[in-house]
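Visitor: below is the sequence, then the predicted model.
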Amino acid sequence: MSLPSEVDIAIIGAGAAGLGAARALENSGLNVLVLEARYRVGGRAHTVIAAENVTFDVGCGWLHSADKNSFAAIAKQLRFEIDQKRPRWREQTQAIGFPDELRAKFLEELDAFWDRCEALAQEPKDMPAERGLQQGSRWNPLINALSTYISGVELDRVSVKDFIAYADTELNWRVRRGYGALVAAYGAKVPVALNTVVSLIDHSGQRVRIETSQGTLTSGKVIVTLPTDVIAKQKIRFRPELPAKVAAAAGLPLGLADKVTLALDKPDELPVDGHMRGAIDRTGTGTYQLRPFGQPCIEGFFGGAHARNLEEAGEGALAQFAIDEVVNLLGADFRKRVRPLASSRWALDEFALGSYSCALPGHAGDRAVLAAPVDGRLFFAGEATHLTWFSTAHGARDSGERAAKEVMAATQRPTPSPAT
Ligand SMILES: Cc1cc2nc3c(=O)[nH]c(=O)nc-3n(C[C@H](O)[C@H](O)[C@H](O)COP(=O)(O)OP(=O)(O)OC[C@H]3O[C@@H](n4cnc5c(N)ncnc54)[C@H](O)[C@@H]3O)c2cc1C
């Protein structure tokens, strides 16, 4: 699509938030265009066919809080098959490397940790979620590993108020064809200018001027849905500058989570949808889904400083680490039976710069600051702006819908009925 010289509403970013905003404005009568830097829509939602029989979500994979998740209804409308089985994250297949009695103790300590965090979140002053750990507990490194999966960082960098603000209904579903494929299908009819990198949003004049790698256009209003690190590191500039937005984005940095999928020979020897933790005595360890959906593969998930180190160690380091942990658990024979198919490096991805946002201690309030409109012309969405479903795809989508409603209120038009 070549760029028009002007639109009513420009939306920056075609991830779940940008597509959610565009879909909500579909019947508004306004001329809407999404400007997207990549060659594809979906952003951090991205499904690849890693092998003939292996579908791999490089980014989001789980419909968290599934009974309240707006993508669950969208999946039904778009005829994406949903798997409602509960994930086995609290289990360890065949108790390998994690005997049941030890696992029971860990789960007891984990539940107590959550209870302590809930109490700490009620204190007037915010603090790191690390304060919820029981001093000297042998389970602290493993609880910290969970933090790197949930928040993308270790507990010393997590606001306890933000940690507890997340609304988890404890139902987590998946779509067989991939969450990224679902988000892309949801946005299939949205007008998007791809390969269009926005570098400047100039809101000093009567209309907003947007400079992009494909030329310049003007817009009446703009919805910004960029990842927080893109705003905090000023990869995109505002004129006049918006120091409050940059500061809020910096208070909500992107943690890191990375994934790998390994092809598996003779898969039938392992259970479908099994789960294993790579180790139980350290934070730098992976969590592994065995044969997701019955596919002949093992999917590894890594977070925090450990994932960052593996990215920095170079192409293939993440897969090698996963193979070593799998072999350590399942036996030397597996070295010949697994082979890397695909993996992510989200910190190195220039249009993401990380995986999902996490409020630093003292910064839980930054989500509302980032979400607030500026002068009735600039609007902000994206996972980091959702107050309870931050760090998720459905939170991102819903935030886009919220920003679209704000736009409609500011243009004094009635909100259009939801697009199907
Ligand atoms: C490994 C991993 C696992 C995850 N697991 C889950 C999960 O299981 N469940 C879940 O719900 N969520 C999960 N998430 C989080 C979820 O993917 C994100 O929260 C969500 O997709 C973010 O959507 P968004 O629209 O806010 O941002 P994005 O998807 O990042 O969209 C922003 C868009 O802006 C574009 N952009 C950036 N810079 C520019 C520029 N200068 N000009 C124009 N466009 C630009 C980007 O290319 C991108 O398309 C996971 C994420 C990762 C990385």
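Guide: Yep, it's here. For clarity, every value in this text was computed on a predicted model and none was experimentally measured.

Visitor: got the buried residues for stretch 52-67?
Guide: With burial defined by 16 or more other CB atoms under 10 Å, the residues of stretch 52-67 counted as buried are 54-66. Yep, even glycine has a C-beta here, placed from its N, CA and C like the rest.

Visitor: in helices only, show me these.
Guide: Among these, no member is found in helices (DSSP state H).

Visitor: restrict those to contacts with the ligand.
Guide: Subset of the buried residues of stretch 52-67 in contact with the ligand: 59-62, 64, counting by CB under 6 Å from any ligand atom.

Visitor: and the lengthiest strand in the chain, what does it pack onto?
Guide: Scanning the chain for the longest strand, with DSSP state E as the assignment, gives strand 215-224. Judged by 3 or more CB pairs under 8 Å, 6 or more residues apart in numbering; DSSP states H and E, the packing partners of strand 215-224 are strand 6-12, strand 208-212, strand 378-380, helix 393-410.

Visitor: that strand pairs with which strands?
Guide: strand 6-12 (parallel), strand 208-212 (antiparallel), strand 378-380 (parallel) (DSSP bridges).

Visitor: other residues contacting the shortest one?
Guide: The contact list for strand 378-380, computed with CB atoms under 8 Å, 6 or more residues apart in numbering, reads 201, 203, 208, 221-225, 238, 242, 245, 370-373, 403, 406-407, 410.

Visitor: now the helices and strands packed on strand 215-224 in TSV, with mean pLDDT and distance to residue 81?
Guide: Below are the helices and strands packed on strand 215-224 laid out as TSV (pLDDT from 0 to 100; distance: least, CB to CB, whole Å):
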stretch	mean pLDDT	distance to residue 81
strand 6-12	98	30
strand 208-212	98	38
strand 378-380	98	34
helix 393-410	98	18
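
Visitor: how about the ones you listed in a markdown table, adding mean neighbour count?
Guide: Shown next, in a markdown table, are those (neighbours: other CB atoms under 10 Å):
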| stretch | mean neighbour count |
| --- | --- |
| strand 6-12 | 24 |
| strand 208-212 | 20 |
| strand 378-380 | 24 |
| helix 393-410 | 24 |
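
Visitor: looking at these, spot the one closest to the ligand.
Guide: helix 393-410 (3.4 Å; CB to the nearest ligand atom).

Visitor: tell me what angle that closest one forms with strand 215-224.
Guide: 100 degrees (axes from the mean of the first three to the mean of the last three CA atoms, to 10 degrees).

Visitor: what's whichever residue of the stretch 101-250 of the chain sits closest to the ligand sitting at in phi/psi?
Guide: In the stretch 101-250 of the chain, no residue comes nearer to the ligand than residue 198, which is 3.7 Å away by CB to the nearest ligand atom. Here is the backbone geometry of residue 198 (degrees, to the nearest 10): phi -80, psi 130.

Visitor: that one: how many residues sit nearby?
Guide: Applying other CB atoms under 10 Å, we find 25 residues neighbouring residue 198.

Visitor: quick one: it and residue 36 touch, right?
Guide: No - counting by CB atoms under 8 Å, residue 198 stays clear of residue 36, with 9.1 Å between them.

Visitor: okay if I get the helices and strands packed on strand 215-224 as TSV plus distance to residue 281?
Guide: What follows is these, written out as TSV (distance: least, CB to CB, whole Å):
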stretch	distance to residue 281
strand 6-12	44
strand 208-212	50
strand 378-380	42
helix 393-410	33
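
Visitor: before we move on, back to that, dump the ones next to the ligand among the buried residues of stretch 52-67 to a markdown table, plus pLDDT.
Guide: Shown next, in a markdown table, are those (pLDDT from 0 to 100):
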| residue | pLDDT |
| --- | --- |
| 59 | 98 |
| 60 | 98 |
| 61 | 98 |
| 62 | 98 |
| 64 | 98 |
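
Visitor: surely residue 82 meets residue 75?
Guide: Yes - the criterion here is CB under 8 Å, and residue 82 meets it with residue 75 at 5.4 Å.

Visitor: the more surrounded of these two?
Guide: More neighbours surround residue 75 than the other of residue 82 and residue 75, with 24 against 15 (other CB under 10 Å).

Visitor: so where's the stretch 151-300 of the chain uncertain?
Guide: Across the stretch 151-300 of the chain, nothing is flagged by pLDDT under 70.

Visitor: mind listing what the closest residue to residue 143 other than its chain neighbours touches?
Guide: Spatially, and ignoring its direct neighbours in sequence, residue 143 is nearest to residue 113 (5.5 Å; CB to CB, 6 or more residues apart in numbering). Residues in contact with residue 113 (CB under 8 Å, 6+ apart) are 132-134, 143.

Visitor: so which of these belong to helices?
Guide: Per DSSP H, those map to helices at residue 143.

Visitor: can you say which of the contacts of residue 113 are buried?
Guide: 132-133, 143.

Visitor: still on that earlier bit, between the contacts of residue 113, which sits nearest residue 173?
Guide: Ranked by distance to residue 173 (CB to CB), the contacts of residue 113 are led by residue 143 at 25.2 Å.

Visitor: my guess is that closest one contacts residue 110. True?
Guide: Yes - the pair residue 143 / residue 110 is scored as a contact, 6.0 Å apart, by CB under 8 Å.

Visitor: for the lengthiest helix in the chain, which positions count as buried?
Guide: As assigned by DSSP H, the longest helix anywhere in the chain is helix 100-121. Judged by neighbour count (16+ other CB under 10 Å), helix 100-121 contains these buried residues: 103, 106, 109, 112-113, 116-117, 120-121.
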